[in-house]
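Trainee: structure for the following, please:
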Amino acid sequence: MPTTASSWCRTRWTEGGSETAEEQHPVKIPQHRHCRRCGKAFIGEGPYCSDECRDLDGRAAKKKLYRYISEIAVLWAVVIAAVLVIGL
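Mentor: Next up is the predicted model:
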């Protein structure tokens, strides 16, 4: 009779293989944060791991804001042009 995966698992657990990963290798991870920009784990205060990440994220936010403002300005220009052409 072929051995199924569930029967193999059942025999492994009953043969003493029931130790969890924590029982075999206890690992303590220090309290840490993840950088808002790069995602790297670091120990410290604030949302960024370095001044470089903070500066790059600030530049990206400004660029995104300027792009949003320009898109809104173009949208308003199109609406005004459409109103003038249609003649409401």
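
Trainee: residue 51 versus residue 62, what's the distance?
Mentor: 16 Å (CB to CB, to the nearest Å). The way it works is simple: take the backbone N, C-alpha and C, and place the C-beta from them, glycine included.

Trainee: do you know how far the residue most central in space within the chain is from residue 64?
Mentor: The centre of the chain sits closest to residue 39, judged by CA atoms, centre = their mean, with a distance of 7.1 Å. Using CB to CB, residue 39 is found at 19 Å from residue 64.

Trainee: for this protein, what spans make up the helices?
Mentor: 5-14, 21-24, 51-86 (DSSP state H).

Trainee: got these as TSV, with distance to residue 30, mean neighbour count and mean pLDDT columns?
Mentor: Compiled in TSV, those are given as follows (distance: least, CB to CB, whole Å; neighbours: other CB atoms under 10 Å; pLDDT from 0 to 100):
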stretch	distance to residue 30	mean neighbour count	mean pLDDT
helix 5-14	32	10	52
helix 21-24	17	8	56
helix 51-86	20	11	96
